[in-house]
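S.K.: What follows is a predicted protein model with its sequence.
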Amino acid sequence: GHRDFIKNMITGTSQADAAVLMISSQAGEFEAGIAKDGQTREHALLSYTLGVKKMVVAVNKMDHPSTNYSEARFKEIMTEAKTFLKTAGYKPKNVPFVPVSGITGENLNKEHKSAKLAWYKGKSLMETLDELPTPKRPTDLALRLPINDVFKIPGVGTVPVGRVETGQLKPGMNVYFAPCGLQSECKKVEMHHQELPIANPGDNVGFNVRGIPVN
């Protein structure tokens with residue numbers, strides 16, 4: 001990721017259960033990414049800080065002439081990456097490393113595995129993601145919804161936006177805002193512009209309330 005998009009990365013990562021850390025295997029690019037101010041190192045640290053404890057590392061651009069699907073280059077990157085992942089807080093033994101080529105599709109899924117990566121005996125990227133454990137959704141606890149943003153929509157009212165962490169949000173229920181101590185009825189809940197009868201933990205939603213100022 002480019003440093004100009006760190007804000008977008010933080011927004012997405014703060015709402016994620018798992019992350020894929022993309023590392024370029026191209027000569028020079030990997031080294032730049034793990035340098036003192038490198039983006040690869042920064043993304044790994046931000047992911048752990050923002051609560052993403054499950055990570056998969058995709059070693060990309062294996063097709064590049066400087067890499068040429070080299071097992072030695074993959075192992076070199078894996079050794080270096082495990083060091084800074086451990087520094088960030090991850091347990092390297094629990095982080096799968098998957099060699100891929102985004103431009104050719106190599107090893108992205110099990111249908112695209114060829115002899116070029118014959119030395120790699122692990123699973124494809126999609127298979128690895130499918131095997132990540134599904135987090136338990138705490139629907140039995142009280143509603144907790146950290147607010148990321150608030151919009152004032154004419155004719156609708158105040159619309160806070162955030163991710164449900166615990167509990168459930170339904171239209172018609174009274175919601176309490178902290179630390180200001182204000183209270184209001186939730187009129188409507190939407191996710192991706194579709195109305196929901198109920199929002200569960202993990203859902204990124206906007207909900208309409210009346211009588212609450214934006215600030």
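M.R.: Perfect, I can see it now. Since this is a predicted model, take the numbers as computed values, not measurements.

S.K.: Show me what stretch 149-159 is in contact with.
M.R.: Outside stretch 149-159, the residues that touch it by CB atoms under 8 Å, 6 or more residues apart in numbering are 160-162, 187, 206-210, 212-214. Glycine gets a C-beta too; all of them are placed from N, C-alpha and C.

S.K.: buried sites along the longest strand along the chain?
M.R.: The strand spanning the most residues in the chain, taking DSSP state E as the definition, is strand 182-191. Judged by neighbour count using 16 or more other CB atoms under 10 Å, the buried positions of strand 182-191 are 184, 186, 189-190.

S.K.: Dump the residues you listed into CSV; add pLDDT and distance to residue 19 as well.
M.R.: Compiled in CSV, these are given as follows (pLDDT from 0 to 100; distance: CB to CB, whole Å):
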residue, pLDDT, distance to residue 19
184, 92, 34
186, 93, 31
189, 94, 27
190, 92, 26
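
S.K.: JSON lines for those residues, including distance to residue 114?
M.R.: Below are the buried residues of strand 182-191 laid out as JSON lines (distance: CB to CB, whole Å):
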{"residue": "184", "distance to residue 114": "58"}
{"residue": "186", "distance to residue 114": "52"}
{"residue": "189", "distance to residue 114": "46"}
{"residue": "190", "distance to residue 114": "44"}
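
S.K.: Can I get the helix or strand containing residue 12 as CSV, trimmed to CA atoms?
M.R.: Assigned by DSSP states H and E, residue 12 belongs to helix 6-13. Extracted C-alpha coordinates of helix 6-13, given in CSV (Å, rounded to 0.1, in the frame of the first residue of the first chain):
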residue,chain,number,x,y,z
ILE,A,6,-2.8,4.7,5.1
LYS,A,7,-6.0,6.4,6.2
ASN,A,8,-8.1,4.0,4.1
MET,A,9,-6.1,1.1,5.3
ILE,A,10,-6.7,2.1,9.0
THR,A,11,-10.4,2.4,8.3
GLY,A,12,-10.7,-1.0,6.8
THR,A,13,-8.4,-2.8,9.2
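
S.K.: For whichever helix or strand comes after that helix, what does the pLDDT average out to?
M.R.: The helix or strand immediately downstream of helix 6-13 is strand 18-24, counting by DSSP H and E. In this model, strand 18-24 carries a mean pLDDT of 94.

S.K.: Pairing partners for strand 18-24, with directions?
M.R.: Take DSSP bridges as the rule and strand 18-24 pairs in its sheet with strand 54-60 (parallel).

S.K.: hmm, back to that, and the helix holding residue 12, which residues are buried?
M.R.: Result for helix 6-13 [16+ other CB under 10 Å]: buried residues 9, 13.

S.K.: contacting residues around the biggest helix by length in the chain?
M.R.: Longest helix in the chain, counting residues (DSSP state H): helix 71-88. For helix 71-88, contacts defined as CB under 8 Å, 6+ apart pick out 21, 23, 25, 30, 34, 40-41, 44-45, 47-48, 55, 57, 59, 62, 67, 92, 95, 97, 99, 119-120.

S.K.: Buried subset of those residues, written for PyMOL?
M.R.: Selection of buried members from those for PyMOL, criterion 16+ other CB under 10 Å:
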select buried, resi 21+23+25+30+34+40+41+44+45+47+48+55+57+59+62+67+92+95+97+99+120
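
S.K.: Please consider this matter closed, and thank you.
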